[in-house]
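Chemist: just a sequence and a predicted model for now, questions to come.
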Amino acid sequence: MSTPGSAPVSPGPTQDVELELTGMTCSSCANRIERKLNKLDGVSATVNYATERARVSYPADLGTERLVETVAAAGYAARVPEPVHPDADGTDGPDADPLTTRLAVSAALSVPVVVLAMVPPWQFAGWQWVSLVLALPVVLWGGWPFHRAAWTNLRHRATTMDTLISIGTLAALGWSLYALLLGSAGEIGMSHGFSLTVERGDGSANVYLEAAAGVTTFLLAGRWLEHRAKRNAGSALRALLDLGAKEVTLLTDGPGGGERRVPADSLVVGDRFVVRPGETVATDGEVVSGSSAVDTAMLTGESVPVEVGPGDTVTGATLNVGGRLVVRATRVGSDTRLARMARLVEDAQTGKAAAQRLADRVSGVFVPVVLVLALGTLLTWFAVGEPAQAAFTAAVAVLIIACPCALGLATPMALMVGTGRGAQLGILIKGPEALERTRRPDVVVLDKTGTVTTGAMSLVDVVTADGTDETDVLTYAGALEQASEHPIARAVADGARERVGALPEVVDFANDPGRGVRGTVAGTPVVVGRPSLLGDLALPDDLAAVLDAETARTTVAVGWDGAVRGLLVVADRVKETSAEAVADLRALGLRPVLLTGDAEPVARAVAAEVGIATEDVVAGVLPEDKVDVVRRLQAEGHVVAMVGDGVNDAAALATADLGLAMGTGTDAAIEAADLTLVRGDLRVAGDAIRLSRRTLGTIRGNLFWAFAYNVAALPLAALGLLNPMLAGFAMAASSLFVVGNSLRLRRFSARAGT
């Protein structure tokens, strides 16, 4: 179908573009833009309210100008974004949060207006006119986003919370102007006292400036919190892309050839580049010469480094921790594994659109009802012959009592208290949408490395041959390994120092890449490394039996004087609190599933140690496969929570119904998750879910009582029995209740040790 008056678009090749959108205030705005774009012939569009972007596939001959015009016709603005270079702090510059100034100015002007109205002894001569001067910019300028959104919705015959906010605050301001200019409220010396009686009156001596200014400021605060969450929605992608190398040492042939530093994004397929120890691999490629150990933990989350040599492939953003490598680029730019993972995160975020807020859902019914009731009140009073002034007073009273002051506090107040308490306990909650997701999961997928385990290699066991002292094995192996840069060597050296103290110097040190090291310690030639390196040394039967049985952990052999003297077992150690955390998650109704790229024996050993069933172990998965595992569980009817810490977990965290990131992990994982566990203690995951559910329950309670006050008072307002001070008192009481109910979250206690 094409839009009215548009020319048919002939089928042909399609192109993809991302549009940057502005003017959206709720998920219904995103749905409206999506519907408008999809009405164009050949166009397929998905709008993400959280990131304020639209991904559009369109016929090549249509042009992006037509897409932008269609969005503008829907009442919003769109543009094809320019490349953005974020500031060092991760924001897009000083103007990234335009609501900050609006909120600060509105709050400063609103406080004296509210105080003067609610504390009669402080009302000096002419106070009401001062309040008018202060309230006008708050309602008109501070509340402009609400008025603009209400007008946009009105043009499309829709109502949202913005509609009620705009009408309510403007009605309060309008009636105050009427009372000041045409009624008796503008008389110098008039006092705005409290009166809690229910009686009819014309209201001409009362002003509602405190309601108009206070409601605007409270709701601006809520909108500011929401805006901050949306602005950070793309941080996962920035964190992923920032892992890549910025510069690379390029090898060139021919006259004047050699090594020269160039920007990493200038590489093309076939270029050869150098990766020195400690440098990041610039792009996906194949090793041409050299051998080394490559640390893939930042990309895969796995702690054991990968030995590479000529002919082996390496992935961009991994770290060279061994020798010098010469690599030939095989994939660059958007084709690299890192870029594909970034697209996975983006796709998952787009597919998991932010849930529509509870207040907006209820307001879809509440707002039209209030508007109809206000109009009905006005017409009914006219019909029964009451004066026009009394009829208008009753209609305005309906709008004022319905003005959602407490609704504006319901979500942000509980969220602020809940997140504040969470921060004290090492839990970061990203917003109301994350809270809604905590109620439903029945399966929790746990990444192994860095989540259930420490994520670092350590010496966990020493096995010696008969007649060999353990101290000698540790001394010789530690002295030799401390001369190596390999992560397994560092684990052996650190473990040896912890157990025997200072280590002697090594001479005649030699490295056999991928196999082990040799050297002389205290006059004794020593060999440390893979059992294959010690093939010419005698292997005692007891050590051979240990080697055959030890399939789940890395084993390093130590030999001297013609025989293997001991075995050192190195592994990623399970965190002391992981077993307790798994039991706690079960108590919350969640079935734990262990997910890892490690081999099956390693995964099963870890699962047995923490109490996860063998059938709930998924091992040997690639980073891309983690998303598939989550989707498979979802396809089986499960609601999935995911706990992870690596870049490879970011897409799975975003795909899961609830994502929890370990704060000790990578920025990409943290930004893709709904909840962040600041400490590296898995037990905090249970506390995070409990706190989130408690906070969500508080928000729902706040919303119920905020509406209850309005609904209970609306009939009184419609009957003309609600005087201005009683309306103000009811609004203040509902706000105080919401605040008090939210503050109860401060008493939430964690089960995990602090």
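Modeler: Done, it's in. Predicted model only: the values in this text are computed from it and were never measured.
Chemist: then V105 would be within a helix, right?
Modeler: Yes - assessed with DSSP: H, G, I helix; E, B strand; the rest coil, V105 lies in a helix.
Chemist: residues in contact with it?
Modeler: P137, W141, G142 (CB atoms under 8 Å, 6 or more residues apart in numbering). C-beta: built from backbone N, CA, C; applies to glycine.
Chemist: buried subset of these, written for PyMOL?
Modeler: Burial among the contacts of V105 is assessed by 16 or more other CB atoms under 10 Å; the matching PyMOL selection reads:
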select buried, resi 142
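Chemist: in a markdown table, list the contacts of V105 along with secondary structure, pLDDT and distance to L67.
Modeler: Listed next are the contacts of V105 as a markdown table, based on DSSP: H, G, I helix; E, B strand; the rest coil; pLDDT from 0 to 100; distance: CB to CB, whole Å:
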| residue | secondary structure | pLDDT | distance to L67 |
| --- | --- | --- | --- |
| P137 | helix | 94 | 37 |
| W141 | helix | 93 | 32 |
| G142 | helix | 91 | 33 |
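Chemist: okay, now the residue lying closest to V452 once chain neighbours are set aside: neighbour count?
Modeler: Setting aside the residues directly before and after it, V452 is nearest to S578 in space (CB to CB, 6 or more residues apart in numbering), at 4.8 Å. Neighbour count for S578, taken as other CB atoms under 10 Å: 23.
Chemist: same question for the one 3 residues further on.
Modeler: Taking other CB under 10 Å as the neighbour definition, A581 ends up with a count of 26.
Chemist: tell me the contacts of it?
Modeler: So A581 contacts V610, D681, L682, R683, A685, G686, A752 (CB under 8 Å, 6+ apart).
Chemist: likewise V248?
Modeler: With CB under 8 Å, 6+ apart, V248 has these contacts: R261, V262, P263, A264, L267, F273, V274, A282, T283.
Chemist: would you mind measuring from R260 to G316?
Modeler: 20 Å (CB to CB, to the nearest Å).
Chemist: who has more neighbours, the two?
Modeler: Legend: neighbour count by other CB under 10 Å for R260 and G316, higher for G316 (24 against 11).
Chemist: am I right that that one is in contact with E279?
Modeler: No - assessed by CB atoms under 8 Å, G316 is found out of contact with E279, at 11.9 Å.
Chemist: any common contacting residues for these two?
Modeler: What both G316 and E279 touch, as defined by CB under 8 Å, 6+ apart, is the set A245.
Chemist: just to revisit the earlier point, just the buried members of the contacts of V248?
Modeler: A264, L267, F273, V274, A282, T283.
Chemist: against T252, how distant is the fourth one?
Modeler: Summarising the geometry, the distance separating V274 from T252, computed by CB to CB, is 11 Å.
Chemist: cool, V574 as well?
Modeler: 49 Å.
Chemist: who's more crowded, these two?
Modeler: V574 (18 against 13).
Chemist: surely the more buried one is in contact with I612?
Modeler: No - using CB under 8 Å as the test, V574 is too far from I612 to be in contact (11.1 Å).
Chemist: report pLDDT for the residue nearest to V452.
Modeler: As predicted, S578 sits at a pLDDT of 89.
Chemist: swap in the one 3 residues further on?
Modeler: Among the per-residue scores, A581 holds a pLDDT of 91.
Chemist: just the CA coordinates of the strand or helix carrying it, formatted as PDB?
Modeler: Assigned by DSSP states H and E, A581 belongs to helix 578-587. Once non-C-alpha atoms are left out, helix 578-587 reads as follows in PDB (Å, rounded to 0.1, in the frame of the first residue of the first chain):
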ATOM      1  CA  SER A 578      28.900 -19.700  43.400                       C
ATOM      2  CA  ALA A 579      27.400 -22.900  44.900                       C
ATOM      3  CA  GLU A 580      25.400 -20.800  47.400                       C
ATOM      4  CA  ALA A 581      24.300 -18.400  44.600                       C
ATOM      5  CA  VAL A 582      23.000 -21.300  42.500                       C
ATOM      6  CA  ALA A 583      21.000 -22.600  45.400                       C
ATOM      7  CA  ASP A 584      19.600 -19.100  46.000                       C
ATOM      8  CA  LEU A 585      18.500 -18.800  42.300                       C
ATOM      9  CA  ARG A 586      16.700 -22.200  42.600                       C
ATOM     10  CA  ALA A 587      14.900 -20.800  45.600                       C
END
